[in-house]
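1. sequence plus predicted model, see below.
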Amino acid sequence: MSIFEAMRFTSVFVLTVFCCTATTSIDWTAVERGVDIPWDLEGTPLQIRTVSQLGSGDLIWVNMNVMNVYVKFKNSRYRYKIHNCNWESNLPTQPLEEVDKIWTFTKTETAFIISCNDVEVLNYVFADSRLYAAACVNSWGGDVVDSISFITGDTASDFYRSGMRSYIFGAVGDF
């Protein structure tokens, strides 16, 4: 093997190790209900893994400081509620019926976004609240969430992790 072939092999090996290491998924953490977890939701999306099925009546129910959000696995439709913003409503886009579901909760200064298995199912703009627009914006607007907890009534959430995504050499990965 010439020196150039050895250098090429070493470069490819180092690049492969770097890429694979950088895109490895963070381990999932088992949900413990009623425990405060420091979490900057505006900077770090929350992913929740569940195997609950539509019609089970199960809930993903997360407290975010003093406000909460839930997704209900109702009879024929997935429903949601954002504290101080809306009545319980159908998700505008219904997730596909897959057994394993990864729900991603993302909050910006102006909106709350829910995705299921990488498909956006809700993009709720706080100022568009038909229930209490001022209360919704005052409660959720800005950088206001610094902790989460899974409420005791949460029957669907099994595991959670950071939903941060990285882009390395055009490939997408979790970190």
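-> All right, it came through fine.

2. and Ala127, which of the three is it?
-> Here Ala127 is helix, with the state taken from DSSP: H, G, I helix; E, B strand; the rest coil.

3. please report the distance of it from Phe105.
-> 19 Å (CB to CB, to the nearest Å). C-beta coordinates here come from the backbone N, C-alpha and C atoms, glycine included.

4. so for these two, which sits in the more crowded spot?
-> Phe105 (23 against 11; other CB atoms under 10 Å).

5. you'd agree Ser52 is up against Val71?
-> No. Ser52 is beyond contact range of Val71, at 9.6 Å (criterion: CB atoms under 8 Å).

6. okay, and the common contacts of those two?
-> 60, 156 (CB atoms under 8 Å, 6 or more residues apart in numbering).

7. which of those two has more residues huddled nearby?
-> Ranked by neighbour count (other CB under 10 Å), Ser52 and Val71 place Val71 first, with 29 against 18.

8. before we move on, what SS does that one have?
-> Val71 ends up strand, using three-state DSSP.

9. excluding chain neighbours, what is closest to it?
-> Excluding the flanking residues, the one nearest Val71 by CB to CB, 6 or more residues apart in numbering is Ile60, at 4.5 Å.

10. what do you get for Leu131?
-> Distances taken as CB to CB, 6+ apart put Asn86 closest to Leu131, at 5.3 Å, once the chain neighbours are dropped.

11. my guess is the residue nearest to Val71 contacts Arg79. True?
-> No. Using CB under 8 Å, Ile60 makes no contact with Arg79, being 11.1 Å away.

12. quick one, which of these two is more surrounded?
-> Taking neighbours as other CB under 10 Å, Ile60 and Arg79 compare with Ile60 leading, 27 against 16.

13. now do the more buried one against Phe105, distance only.
-> Distance from Ile60 to Phe105, counting by CB to CB: 9 Å.
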